[in-house]
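Engineer: Build me a model from this:
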Amino acid sequence: MDLKELENGVNPELHWYYQSKKLPLFNYTRKLLKKMDGLTVVDVGSGSGFFSVSLEKHFSRGIHKVYLVDINYTQEEIAATKNAKIEKTLFIPEHIENSVVILMDVLEHLEDDLQMLKDIKKNSVGDNNYFFITVPAFYSLWSGHDVYLGHYRRYKIDTLRKVLVEAGYNIKNTYYLYGSLFPMVWVQRKINNAKKSEANSNMRPFNALTNKILYGITSAEMKIAGMNKVFGVSCVAEGKI
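Structural biologist: Next comes the predicted model:
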C-alpha cells in the first residue's frame, strides 16, 4: 500500500476505493481458511498495513500472525511490535509457512519485480503458501499519478502472468478490478496528460454521498470481478507460491 496516496487526506477506513479493494482479498482469504486451520499473513510493502490489519480484524481467529514488511519502518516501530501478533519488520520472514503473501500495489514500484517474487519464493517452506497480488493496469492509464507514486510500469493480465510464471508461481486466477470505472479514469487521465498537469496522486477524499455511491458501484462489481478478463484500473493475481 502506497503511503503517498494518503497524503491528500484520504482515510482508508472510510474511502470507497480501499473499502471495495479489500473485498476480493477477503473473499480469497475466506476460501483459504476453509481448507486451512489458520494462516500467517505476510504483507510485503505493507505501508500503513491497512489491508493486512483489516484481514486480521475480520478473520481474527483464523489469522495466527501478521508480518508487516516495509523498508520504511523505524527501529522504534519495529521494537514496539516485536513478537506481537501484528509485527513490523524490514525483511521478508526467512521461513514463510502456511501463509498468504499479499503485495497490494507493490511490484510496480520495483525496478526488478521478478527478483522480489524470487526472494519470496526462496523463503517459502512447504507446499501450503499462497499469494494475492494487485498492480495498476494498462499503460493507456499512465499519467502523472504514476510518476508521482514512483511507478516503473503498469500491467496487463499477460504481463503479470509472465513474471509470475518466470518466478515459479502457480497461478490460480488473474482478473481486473474497477472495469466499471475504466472509461471515466481513461478520459480523465488523457485530459490531464494533454494539459501536462503537475504529477500528483489522483486519490482524494469525496463527500459522503459521492463516496457512498462509488462504494456501492465498486463493491457490487467485486462480486463478479473474478470473471473480468477484459479491462480495469487494477489487475489481480491469485495462486500458490
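
Engineer: Quick check, central residue of the protein?
Structural biologist: Geometric centre of the chain, nearest residue: Met104, 1.5 Å, by C-alpha atoms, centre = their mean.

Engineer: And the residue lying farthest from the centre of the chain, how far from Trp142?
Structural biologist: Taking C-alpha atoms, centre = their mean, the residue of the chain most remote from its mean C-alpha position is Lys195, at 29.7 Å. Distance, Lys195 to Trp142, using C-beta to C-beta, to the nearest Å: 15 Å. To be clear about C-beta, it is placed using only N, CA and C from the backbone, and glycine gets the same treatment.

Engineer: How about Tyr215?
Structural biologist: Distance from Tyr215 to Trp142, by C-beta to C-beta: 26 Å.

Engineer: and those two? which has more neighbours close in?
Structural biologist: Taking other C-beta atoms under 10 Å, Tyr215 and Trp142 do not tie; Tyr215 has more neighbours (18 against 15).

Engineer: Please spell out which residues along the strand or helix carrying the more buried one are buried.
Structural biologist: Using DSSP states H and E, Tyr215 falls within helix 208-222. Buried residues in helix 208-222, defined by neighbour count with 16 or more other C-beta atoms under 10 Å: 211, 214-215, 218, 221-222.

Engineer: List the contacts of stretch 168-182.
Structural biologist: Residues from elsewhere that reach stretch 168-182 (C-beta atoms under 8 Å, 6 or more residues apart in numbering): 21, 24, 117-118, 121, 131, 134, 137-138, 157, 160-161, 164-165, 185, 217-218, 221-222, 225-241.

Engineer: mind running it again at 7 Å?
Structural biologist: Outside stretch 168-182, the residues within contact range by C-beta atoms under 7 Å, 6 or more residues apart in numbering are 21, 24, 117, 121, 131, 137, 157, 160-161, 164, 217-218, 221, 225-241.

Engineer: Filter these down to just the ones in helices.
Structural biologist: Members of the contacts of stretch 168-182 lying in helices (criterion: DSSP state H): 21, 24, 117, 121, 157, 160-161, 164, 217-218, 221.

Engineer: quick one on the thing from earlier: check which helices and strands the helix holding Tyr215 sits against.
Structural biologist: If contacts are counted by 3 or more C-beta pairs under 7 Å, 6 or more residues apart in numbering; DSSP states H and E, helix 208-222 sits against helix 16-35.

Engineer: and the helix it packs on, which residues are buried?
Structural biologist: Here helix 16-35 shows 16-25, 28-29, 32-33 as buried, counting by 16+ other C-beta under 10 Å.

Engineer: Show me what secondary structure element comes after that helix.
Structural biologist: Assigned by DSSP H and E, the successor of helix 16-35 is strand 39-44.

Engineer: any idea of the angle that next one forms with helix 16-35?
Structural biologist: Per axes from the mean of the first three to the mean of the last three C-alpha atoms, to 10 degrees, the angle that strand 39-44 makes with helix 16-35 is 140 degrees.
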